[in-house]
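Student: sequence first, predicted model second:
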Amino acid sequence: MSPRFLSFLGRVLLAVLTLSIGIAAQSDQGATQPNNAAQTAPAPPQNPAPSTYSDENQPSKVDVFAGYSWLSPNGAVNGNKGITDGFKVATSYWFNKYLGGVVETGNHFGDINTINTLTAGPTFRIPLEGLTPFGLATFGINHEEAKGFGKSVGFGFVGGGGFDLQAFKKLSIRLIQAEYEYGHHNFGFVNGPGVGSVRDNMGGFSLSGGLLFHFGSIGPPPAPPTASCSAQPTEVMAGEPVQITVQPSGFNPKRTVSYTYTATGGKVNGNGQTVNVDTAGLAPGAYTVTANLSDGKKATASCNATFNVKQNQPPTISCSANPTTVRTGDTAQITCQGNSPDNRPLNYKHESSSGNLTPNGPNATLNTQGAQPGPITVTSTVTDDRNLSANTQTSVTVEAPPPPPPPPPQASKINQIEFPNKAKPWRVDNTAKAVLDDVALRLQREPDSKLVIVGSKDPSENRPNLDAERAVDAKFYLTNDKGIDPSRIECRSGGTAGKVAEFWIVPAGATYQGSEPVVDENKIKPIPDRPAAKRPARRAATKKPAA
């Protein structure tokens, strides 16, 4: 695509997005302003605004646009003359609230040329209250019929954006749709083969407007408005005031919400978002205040708040331990919170089933020095000046000391084989193979272990590398006959145990501590155990027949 096309498309999309973000920011700012108009009586300064808003109309699932369109072709064969006769039709299918796909056709009928487009591609929208910015980028077919040049069908691109103004639930007015239209055409040899072919790379600009019809909706219906009520305080003595606060949610912030109240006891003063209840003369018990909210349309909500009128109530206490599990000799902090519903002075007392307690008002420190492993119970009691009390228990567990860690794994000798054959002092005989069978079984049972074979020879043996050959031949039997992975076996030479090969198992995490050199198995190869060649049978002497 040409730099001119990319630059124009970028400017159009940037303008749509910038204006959309500005409108969205202004809408959000308006939605978060305190709804002071929702009160028909003076409200306290802490009056909260609605925290959420459920849109009454869900975004549509399918949109169909039809309207007038003007095109400025700006091509090579059209004389750069604007086409005033035209229309566009587009169908959009939305995958979610913001993204979808669109199929668009445009038809423009000019004096010099006629241009028809059929394109499809992605589209986006930003649903705001009453206004929806949108954008699209589509690809497809561009058909051009130019006087004197014939007809051509080529590649086409249409991209741009605009704004939709909602008029009704199922109908919006497309205020403007500004698009860049590109078409590539080759009309062939118009005046004969020798003149040259005519090509037209049209880069035009179109403006459209019309009606947008909405069908279906994205997602389930919006949740109805709700409200939550709270009473502060929830317990009072008769005659003390109770404040009721209502928190609405889901109401349209541009509409006025009114509040009405009813109560099972007491007198409600006010009709705003926050009111006071006069409890004078109420008997002890529970009372409920009901708030009813309405925005004057169809949106309503209600909620309840309950408070208790009490008399001569005992104190309460709650305690916690930190930490709840300690080792012998460590300390734990006991933290308590006492409360008198009648605001009476309080005294605290602490006792423990074990250890030593150091009280400090409502708190205490538990020292577990000398305590046996197990739970220690701390009982805390709070008493007011009328001798009304309450108590609670807190548990601290003393852990037993952990067992010592297991010893680290170590390599150990598990067996050895001997080489008694004087003619073949490296030979692994049947007796040795029986031992090696047990070694192979051990390696199969312990797949993470490795094996070190240490070959030795007697000082009287003069064959060079005999100790290494014994280790290599033993390894060859384990790998060739028993299928053990060669990488799990290491051969060493220079042992001092005589005419033997020793087998050391090395568990995972252990290291063989011997200092014998590792055998270079590229130089020391296994010696095949070939049987002795059979001598040919002697032929019996042929007796001559008697004369």
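Tutor: Done, it's in.
Student: ok so A468 is a helix residue?
Tutor: Yes. Under the criterion used here (DSSP: H, G, I helix; E, B strand; the rest coil), A468 sits inside a helix.
Student: quick one, what contacts the residue lying closest to it once chain neighbours are set aside?
Tutor: The spatial neighbour of A468 that comes closest, neighbours along the chain excluded (C-beta to C-beta, 6 or more residues apart in numbering), is S493 at 3.9 Å. The C-beta positions use only the backbone N, C-alpha and C, and glycine is treated the same way. Counting by C-beta atoms under 8 Å, 6 or more residues apart in numbering, S493 touches V454, G455, N465, D467, A468, A471, E516, P517, V519.
Student: helices - which of those residues land there?
Tutor: Among the contacts of S493, the members falling in helices (DSSP state H) are D467, A468, A471.
Student: of those, closest to G183?
Tutor: The closest of those to G183 turns out to be A471 (C-beta to C-beta; 83.2 Å).
Student: on the pLDDT front, check that closest one for me.
Tutor: On the pLDDT scale, A471 is placed at 93.
Student: my read: it touches L451, true?
Tutor: No. If you go by C-beta atoms under 8 Å, A471 and L451 don't touch, sitting 10.7 Å apart.
Student: so for those two, which sits in the more crowded spot?
Tutor: Taking other C-beta atoms under 10 Å, A471 and L451 do not tie; A471 has more neighbours (30 against 24).
Student: quick one: the more buried one from V518, how far?
Tutor: 10 Å (C-beta to C-beta, to the nearest Å).
Student: give the residues shared as contacts by those two.
Tutor: What both A471 and V518 touch, as defined by C-beta under 8 Å, 6+ apart, is the set C491, R492.
Student: hmm, back to that, now the helix or strand that contains the residue nearest to A468: average pLDDT?
Tutor: Following DSSP states H and E, one finds S493 within strand 489-495. Average pLDDT, strand 489-495: 93.
Student: also stretch 229-246?
Tutor: Per-residue scores along stretch 229-246 average to 92.
Student: and it, how far out from the chain middle?
Tutor: 42 Å (C-alpha atoms, centre = their mean, to the nearest Å).
Student: beta-bridge partners for the residue nearest to A468, please?
Tutor: G455 (DSSP bridges).
Student: all strands of the stretch 101-250 of the chain, in order?
Tutor: Applying DSSP state E, counting those that start in this stretch to the stretch 101-250 of the chain gives strands spanning 113-125, 131-146, 150-168, 171-188, 198-215, 226-232, 235-237, 242-249.
Student: how about those strands in CSV, adding distance to P408 and mean neighbour count?
Tutor: Converted to CSV, the strands of the stretch 101-250 of the chain look like this (distance: least, C-beta to C-beta, whole Å; neighbours: other C-beta atoms under 10 Å):
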stretch, distance to P408, mean neighbour count
strand 113-125, 63, 20
strand 131-146, 67, 21
strand 150-168, 70, 19
strand 171-188, 75, 19
strand 198-215, 74, 18
strand 226-232, 62, 17
strand 235-237, 64, 17
strand 242-249, 63, 21
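Student: give the contact list for I414.
Tutor: V439, R442, F503, W504, I505.
Student: adjacent strands (with direction) for the helix or strand hosting it?
Tutor: Per DSSP H and E, I414 falls inside strand 412-418. Within its sheet, and counting by DSSP bridges, strand 412-418 is paired with strand 500-506 (antiparallel).
Student: run through who's touching the partner strand.
Tutor: 411-419, 439, 442-443, 446, 449-456, 470-471, 474, 495, 512, 514.
Student: can I get it in PDB? Just the C-alpha atoms.
Tutor: In PDB, the C-alpha atoms belonging to strand 500-506 read as follows (Å, rounded to 0.1, in the frame of the first residue of the first chain):
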ATOM      1  CA  VAL A 500      39.600 -59.600  41.700                       C
ATOM      2  CA  ALA A 501      37.200 -56.900  40.500                       C
ATOM      3  CA  GLU A 502      35.300 -55.000  43.200                       C
ATOM      4  CA  PHE A 503      31.800 -53.600  42.700                       C
ATOM      5  CA  TRP A 504      30.900 -50.300  44.500                       C
ATOM      6  CA  ILE A 505      27.300 -49.100  44.400                       C
ATOM      7  CA  VAL A 506      27.000 -45.300  44.300                       C
END
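Student: how about the helices in the protein?
Tutor: Using DSSP H, the helices of the chain run over 3-31, 430-445, 466-476.
Student: show residues contacting the shortest one.
Tutor: With contacts defined as C-beta under 8 Å, 6+ apart, helix 466-476 is touched by 417, 419, 425-428, 432, 436, 453-457, 463, 486, 489, 491-495, 500-501, 503, 519, 521, 524-527.
Student: drop anything exposed from the residues you listed.
Tutor: Neighbour-count burial (16 or more other C-beta atoms under 10 Å) applied to the contacts of helix 466-476 gives 417, 419, 425-426, 428, 432, 436, 453-457, 489, 491-495, 500-501, 503, 519, 521, 524, 526.
Student: thought A178 was touching F205, still the case?
Tutor: Yes. Using C-beta under 8 Å, F205 makes contact with A178 at a distance of 7.4 Å.
Student: residues in a beta bridge with the nearest residue to P224 once chain neighbours are set aside, which ones?
Tutor: Spatial nearest neighbour of P224, chain neighbours left out: G250 (6.7 Å); criterion: C-beta to C-beta, 6+ apart. On the basis of DSSP bridges, G250 is bridged to Y53.
Student: distance between the strand holding S493 and the chain's centre?
Tutor: Taking the mean of its C-alpha atoms, strand 489-495 sits 54 Å from the chain's own mean (C-alpha atoms, centre = their mean).
Student: alpha carbons of that strand, as CSV, please.
Tutor: Extracted in CSV, the C-alpha atoms of strand 489-495 (Å, rounded to 0.1, in the frame of the first residue of the first chain):
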residue,chain,number,x,y,z
ILE,A,489,29.1,-47.9,35.1
GLU,A,490,32.6,-46.5,35.6
CYS,A,491,35.7,-48.6,35.3
ARG,A,492,38.8,-48.0,37.4
SER,A,493,42.2,-49.8,37.7
GLY,A,494,44.9,-50.0,40.2
GLY,A,495,43.2,-51.9,42.9
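Student: what angle do strand 412-418 and that strand make with each other?
Tutor: Put simply, strand 489-495 runs at 70 degrees to strand 412-418, going by axes from the mean of the first three to the mean of the last three C-alpha atoms, to 10 degrees.
Student: any idea of the angle strand 489-495 forms with helix 466-476?
Tutor: 160 degrees.
Student: 29 is where my numbering starts, stick with that
Tutor: Got it, the first residue is 29 from now on, which makes the last one we talked about strand 517-523.
Student: surely L146 touches T166?
Tutor: No. Using C-beta under 8 Å, L146 is not in contact with T166, being 9.3 Å away.
Student: shared neighbours, these two?
Tutor: What both L146 and T166 touch, as defined by C-beta under 8 Å, 6+ apart, is the set V131, E132.
Student: who's in contact with the nearest residue to R414 once chain neighbours are set aside?
Tutor: Once flanking residues are discounted, R414 sits nearest to R372: 6.5 Å by C-beta to C-beta, 6+ apart. Neighbouring residues of R372 by C-beta under 8 Å, 6+ apart: P343, D412, D413, R414, L416.
Student: 7 Å - rerun?
Tutor: R372 is in contact with D412, D413, R414, counting by C-beta atoms under 7 Å, 6 or more residues apart in numbering.
Student: and the gap between it and T262?
Tutor: Taking C-beta to C-beta, one finds R372 at 18 Å from T262.
Student: one more: F243?
Tutor: 50 Å.
Student: tell me the spacing between the most centrally placed residue in the chain and F243.
Tutor: Computing the C-alpha centroid of the chain and ranking residues by C-alpha atoms, centre = their mean puts N124 first, at 20.6 Å. Using C-beta to C-beta, N124 is found at 16 Å from F243.
Student: so in terms of bridging, what pairs with the spatially closest residue to A195 that is not a sequence neighbour?
Tutor: Spatial nearest neighbour of A195, excluding adjacent residues (C-beta to C-beta, 6+ apart): I201 at 5.5 Å. Assessed by DSSP bridges, I201 has beta-bridge partners L193, L239.
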